[in-house]
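Participant: Sharing a model that was predicted from the sequence below.
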Amino acid sequence: MTILDLIIKKRDGQSLSEEEIRYLINEYNEGRLPDYQMGVLLMAIYFRGLSAKETNALTLALAESGEMLNFDSLPKLVLDKHSSGGVGDTTTLVLAPLVAAAGGPVAKISGRGLGFTGGTIDKLESIPGFHVHLPVERFMELVKENNLAIMAQTESLTPAEGKLYALRDVTGTVENISLIAASIMSKKIAAGAHAILLDVKTGRGAFMQSREEAFELAEILVRIGKDMDRRIVSVVTDMNQPLGYAVGNALEVNEAVSVLKGEGPGDIEELSLILGGYMLALGGTARNTEEGREKVTRLLHNGSALQKFREMVRCQGGDDGFIDDPSLLPQAAYSEELIASKGGYIREIDAKRIGNISVMLGAGRTVKNEELDLAAGIILHRKVGGEIQQGEPLATVYGNDREKVGVAARALDSAFTMGKEKLEEMPPLIYGVVPPFPS
Ligand code: URA
Ligand code: CA
């Protein structure tokens, strides 16, 4: 069958065999299948879906499109975490050093922003000098010696996934449960971690908007992980409003440093401590999640996690001066405030709208390989449940394009829903865990 035959087969709702999926991914990886054909195949998959078998096949084909790392010679289980994608989700930059400080080791391959969500690699690139592209040998060496390394996909690691990810980002084909599962798990499998924690986001600012879909994704991810002999747990967490106050690359790096200094924001700290507890329990560094949580809480508050973060920045070529002096991060030339036109309580902050506005500002991409404005983004001054008086700033917009900053500040108003009444209950951070833990 030709590539065209296989596209038509999927378009018409038939299943592709393991060999056919492998063939398509290989051809794409080698540059013999052009973006326009892969784009329509992705759209066919978006509408037709993939079976469990097809999803496993896609995961493996993507993982095996490059080198597969192996940490079996290390005395400890290697850990990894991944978020299904959110807005202002700075968790990795806190959680990875936290877990590494507790005895890790953490080996993480991260992505760039996708759609309206941010990506850890873009955030790390706002650190002066930081190398997100490491030779695989150096990555493995850092995991062994320092318990921590975070890097981008390379030509040698899941290259086909990297190309596919960038193409999905700009073809409206991100929000498919099987494509998301295969994308995430292929990177986890290739990166060689033995124990994997998945933070599955749900809500307005997540790809899985309904809780039901999020739990379905959580199940699929766990199933793939178990089929591939990994220890794995999915935690389904809230993404209705952005996490923390900062959205945007340099702004979020600065926010992560603040959490590592014990200065909050509280939601990111709380989520990092909970997920840290799971990771330590999963990897056997703690007997259970409570003990894990106690451990990471201590390491956050005694400065060990910040020290680990500093070491990671240095080991990956970065200048760690920004930790003490945030003005060393990329700075925006322009800023504008969104002023509350009436007083009241914040009932909702639409994370997707905030994410889309930050993309428009240049913090994310609308075409493949677009260069970012690393300083661009939004700082919220209130979160859901907060009170505001008329005339106070709700948020500040930052960027290097004056016109966009103005447009964004005006557009931002529609992301806030206000009410007169105080909220009775704060939205939860966590909805559940798959499988029930410990399993
Ligand atoms: N995160 C990923 O790595 N891939 C997706 O497709 C979505 C979120
Ligand atoms: Ca944030």
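Facilitator: Now that the structure is in, tell me what you want to look at. Ligands and ions are numbered 1, 2, ... in the order given.

Participant: Tell me the spacing between whichever residue of the stretch 201-350 of the chain sits closest to ligand 2 and Y23.
Facilitator: Across the stretch 201-350 of the chain, no residue is closer to ligand 2 than G244, which sits at 3.1 Å (C-beta to the ion). Heads up, the C-betas are built off the backbone N, CA and C, glycines and all. Distance, G244 to Y23, by C-beta to C-beta, to the nearest Å: 43 Å.

Participant: more crowded one of the two?
Facilitator: Using other C-beta atoms under 10 Å as the criterion, G244 and Y23 rank with G244 on top: 28 against 17.

Participant: hang on, the more buried one packs against T90?
Facilitator: Yes. Under the criterion of C-beta atoms under 8 Å, G244 makes contact with T90 at 5.8 Å.

Participant: what sits in contact with each of the two?
Facilitator: Common contact partners of G244 and T90 (C-beta atoms under 8 Å, 6 or more residues apart in numbering): 252, 255, 259, 268.

Participant: Show me which pair in these is furthest apart.
Facilitator: E252 and V259 (10.4 Å; C-beta to C-beta).

Participant: Pull up the overlap in contacts between these two.
Facilitator: Counting by C-beta under 8 Å, 6+ apart, the residues touching both E252 and V259 are 90, 244.

Participant: Confirm that the residue of the stretch 201-350 of the chain closest to ligand 2 sits in a helix.
Facilitator: No. Assigned with DSSP: H, G, I helix; E, B strand; the rest coil, G244 falls outside any helix and is coil.

Participant: which residues does it contact?
Facilitator: G244 neighbours (C-beta under 8 Å, 6+ apart): 88, 90, 252, 255, 259, 265, 267-268.

Participant: so the residue of the chain found nearest ligand 1 is in which element?
Facilitator: Sorted by distance to ligand 1 under C-beta to the nearest ligand atom, the residues of the chain start with S183, at 3.5 Å. Element membership for S183 (DSSP states H and E) is helix 177-191.

Participant: and the angle from whichever helix or strand comes after that helix to helix 177-191?
Facilitator: Using DSSP H and E, the helix or strand that follows helix 177-191 in sequence is strand 195-202. Strand 195-202 and helix 177-191 are oriented at 150 degrees to each other (axes from the mean of the first three to the mean of the last three C-alpha atoms, to 10 degrees).

Participant: neighbour-wise, which of the contacts of G244 leads?
Facilitator: Using other C-beta under 10 Å as the neighbour test, the contacts of G244 are led by G88, with 32 neighbours.

Participant: near ligand 1, which residues of the stretch 151-300 of the chain?
Facilitator: Residues of the stretch 151-300 of the chain lying near ligand 1 by C-beta under 6 Å from any ligand atom: 174, 179-180, 183-184.

Participant: Tell me which stretches of the stretch 101-250 of the chain form strands.
Facilitator: 106-110, 148-152, 195-202, 231-238, 246-247 (DSSP state E, counting those that start in this stretch).

Participant: Packing partners of the second one?
Facilitator: Which is strand 148-152. helix 91-101, strand 106-110, helix 120-124, helix 136-146, helix 304-315 (3 or more C-beta pairs under 8 Å, 6 or more residues apart in numbering; DSSP states H and E).

Participant: Please state the mean pLDDT value computed over that strand.
Facilitator: Mean pLDDT, strand 148-152: 96.

Participant: CA-only coordinates of that strand, as PDB, when you get a sec.
Facilitator: C-alpha atoms of strand 148-152 as PDB (Å, rounded to 0.1, in the frame of the first residue of the first chain):
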ATOM      1  CA  LEU A 148      18.900  15.400  37.600                       C
ATOM      2  CA  ALA A 149      18.800  16.400  34.000                       C
ATOM      3  CA  ILE A 150      16.100  18.000  31.800                       C
ATOM      4  CA  MET A 151      16.600  18.100  28.100                       C
ATOM      5  CA  ALA A 152      14.700  18.600  24.800                       C
END
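
Participant: what lines up beside that strand in the sheet?
Facilitator: Strand 148-152 pairs in its sheet with strand 106-110 (parallel), by DSSP bridges.

Participant: from the middle of its chain, how far away would the strand it pairs with be?
Facilitator: Relative to its chain's centre, strand 106-110 lies at 11 Å (C-alpha atoms, centre = their mean, to the nearest Å).

Participant: Quick check: mean pLDDT of that strand?
Facilitator: 94.

Participant: same deal with stretch 156-168?
Facilitator: 93.

Participant: Got the domain ranges for this protein?
Facilitator: Listed domain ranges for the chain are 3-49, 79-324, 330-419 (source: automatic domain parsing).

Participant: Any idea how far apart the tips of the last one sit?
Facilitator: By C-alpha to C-alpha, to the nearest Å, the extent of domain 330-419 from end to end equals 36 Å.

Participant: So which bits of the stretch 201-350 of the chain are right by ligand 2?
Facilitator: Residues of the stretch 201-350 of the chain lying near ligand 2 by C-beta under 5 Å from the ion: 243-244, 246, 252.

Participant: okay if I get the residues you listed as TSV plus pLDDT?
Facilitator: Shown next, in TSV, are those (pLDDT from 0 to 100):
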residue	pLDDT
L243	98
G244	98
A246	98
E252	98
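
Participant: Redo these as JSON lines? Include distance to E145.
Facilitator: Below are those laid out as JSON lines (distance: C-beta to C-beta, whole Å):
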{"residue": "L243", "distance to E145": "31"}
{"residue": "G244", "distance to E145": "31"}
{"residue": "A246", "distance to E145": "31"}
{"residue": "E252", "distance to E145": "27"}
